[in-house]
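# after the sequence you'll find the predicted model.
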Amino acid sequence: MVLMNPGPVITDDRVRAALAGPDMCHREPEFSDLLTRVRHKTTLAAGGDERHTSVVLTGSGTAAVEAAVSSAVPRDGALLVVDNGHYGERFQHIADAHGIRTHRLELGWATPVDPAAVERALAADPGLTHVAVVHHETSSGMLNDVAAVARIAHAHGREVVVDAVSSIGAEHIGLAEDGIDWLAGSANKCLEGAPGLGFVSAARTAFEGLAGAPRRSYYLDLHRHYTAQEKAQAPAFTPGIPAFYAFDEALDLALAEGREARHARYSALAGRLRDGLEALGLEILLPPGQRAASLTAVRIPAGIGYRELHRGLRAEGFVIYSAQEQLAADFFRLSTMGRMTQADIDRFLAALARTLPARA
C-alpha cells in the first residue's frame, strides 16, 4: 500500500528493521548512548550548531508543539498566534488549554502570512512575548515564511515558536540560519522515522532559562525533560524505545542524504504528481509559489465524493487523505513524503485516471 497521507509515511527498509532492535532497559547505559545520539542528530537536522540542543519526547508532533508553547511562554507572557489553517488554529487551542493569553491573527485558511500584519500586532500589544507560526500548514499545503516572521519578532524583542512538524527534513528551515527560538518537530513525516516521537530544539540557554518558568504541564514540562536528558543522559519517563531505534536510523539516512537533496527529491515527486493532476483536468488549491514540496491539496472533481474516491484508490493500492474542516467538502490531499518513488506517482496517476471516469 502506497501511503499518500502526510504521515506516517513509507519508511526505508532499514528504518523498519531497526524497530525490531533488542529489548533494553531505559535506565541502562545503552539507552543513554542511544538517547544522546538521537538528540545530537536531531539538532543537526534542525539546523542547530554548538549553541543548540534538542529534547526528544515520546509523543506525537502535537505533544512537541504543546510542550514548546506551555513551557516557553512565561507566566506573565502572551502569544501572538499566526493562524492561516488548522494547525495555526491548534496553537490557539493549546494556549487556551493552558490559560495563556493570546492575540489571534486570523488570516483565513490558505491565505499567505502577511508580515506587515504580524508587525502591527506586535507593535500594538507590548505584552505579547512570543509568536507562534506553522511552517508547513498541511491543512492546505501552504509553506509559510517563518524566517520573515522570526525577523519581525526579534526586531520587536519577542521569541518565535515554530511548528515544523511537517517540514523539518525536507524544507528550508534552521535554528541558526533562520533565528528560530523554539522548533517543534516529529520523527515520522519528512524525517521518515516511525511514529511515536516528537522533539523540541532550541538554544541550550533557552532550555536552561526554563528553570523559573511556570509548570503548566507535568509530562510536557520541557525543563523536566531537558534536565533529565542533558544532566543525567536519561529520559524523564519511560520512552518508546523501538521508535528511538527507528529514529536513530532515519536520522542517519536524512543527514546522509542532506536537506537540499531530500527537498529536491520531494519537489521532483510533487512536480510529477502536480503535472499529472493538471493533465487530468484537476484543480490544485494553491498557486506554485505557495506550495510545500511534500503535500498537494486537490479539488474533488464534480460527480464523485471523497469516500468513493478514497475507496476506489485504496482498492488500487493507494491511501489518499481527506481535507480538514472548511476545506473537507471540496478538497482532498496527496502527500509526497517518505520513500515514495516516481514509479509510485505514475501508477497512482494511472489509477486515478481509471477511477474518475468509472465513477464520475
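Thanks, I have it.
# so the closest residue in space to residue 125 that isn't next to it in sequence, which state does it fall into?
Nearest non-adjacent residue to residue 125, counting by C-beta to C-beta, 6 or more residues apart in numbering: residue 103, 5.8 Å away. Bear in mind the C-beta positions are built from the backbone N, C-alpha and C, glycine included. Following DSSP: H, G, I helix; E, B strand; the rest coil, residue 103 is assigned to strand.
# surely residue 103 and residue 82 touch.
No: contact between residue 103 and residue 82 fails when scored by C-beta atoms under 8 Å: they sit 10.0 Å apart.
# those two: which has the busier surroundings?
Set residue 103 next to residue 82 and count neighbours by other C-beta atoms under 10 Å: residue 82 wins out with 26 against 16.
# need the next SSE after the biggest helix by length in the chain, C-terminal direction.
Determined from DSSP state H, the single longest helix within the chain is helix 259-279. Once the chain leaves helix 259-279, the next helix or strand it forms, by DSSP states H and E, is strand 295-299.
# that following strand: which residues count as buried?
Buried positions in strand 295-299, judged by neighbour count with 16 or more other C-beta atoms under 10 Å: 295, 296, 297, 298.
# okay, the closest residue to residue 91 other than its chain neighbours: pLDDT?
The shortest distance from residue 91 to any non-neighbouring residue, by C-beta to C-beta, 6+ apart, is to residue 132 (4.2 Å). With respect to pLDDT, residue 132 has a value of 98.
# can you tell me how far residue 132 sits from residue 260?
Using C-beta to C-beta, to the nearest Å, one gets 27 Å for the distance from residue 132 to residue 260.
# what about the two, which has more around it?
Between residue 132 and residue 260, residue 132 has the larger neighbour count (other C-beta under 10 Å), namely 32 against 10.
# enumerate every residue touching residue 88.
81, 82, 132, 133, 134, 137 (C-beta atoms under 8 Å, 6 or more residues apart in numbering).
# can you give me the buried ones in the strand or helix carrying it?
Assigned by DSSP H and E, residue 88 belongs to helix 86-97. Applying a neighbour-count criterion of 16+ other C-beta under 10 Å, one finds 86, 87, 88, 89, 90, 91, 92, 94, 95 buried in helix 86-97.
# again, but for stretch 237-254
The neighbour-count check on stretch 237-254 (16+ other C-beta under 10 Å) flags 239-251, 253-254 as buried.
# now do stretch 306-318
Of the residues in stretch 306-318, 306, 309, 310, 312, 313, 318 count as buried by neighbour count, 16+ other C-beta under 10 Å.
# okay, now the domains of the chain?
Split into domains by automatic domain parsing, the chain comes to 14-257, 259-359.
# just name the most buried of these.
Compared across the domains of the chain, domain 14-257 shows the largest average neighbour count, a mean of 20 (mean count of other C-beta atoms under 10 Å).
# show me the helices in the protein, by range?
Going by DSSP H, the chain shows helices at 13-18, 29-45, 61-72, 86-97, 115-124, 146-155, 175-178, 204-208, 222-226, 241-257, 259-279, 306-315, 342-359.
# CA atoms only for the third one, dumped as CSV, please.
Yep, that's helix 61-72 we're talking about. Extracted in CSV, the C-alpha atoms of helix 61-72 (Å, rounded to 0.1, in the frame of the first residue of the first chain):
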residue,chain,number,x,y,z
GLY,A,61,4.3,16.2,16.9
THR,A,62,1.4,17.9,18.7
ALA,A,63,2.9,16.8,22.0
ALA,A,64,6.1,18.7,21.0
VAL,A,65,4.2,21.8,19.9
GLU,A,66,2.2,21.8,23.2
ALA,A,67,5.4,21.3,25.2
ALA,A,68,7.0,24.2,23.5
VAL,A,69,4.1,26.6,24.0
SER,A,70,3.2,25.6,27.5
SER,A,71,6.9,25.7,28.7
ALA,A,72,8.3,28.7,26.8
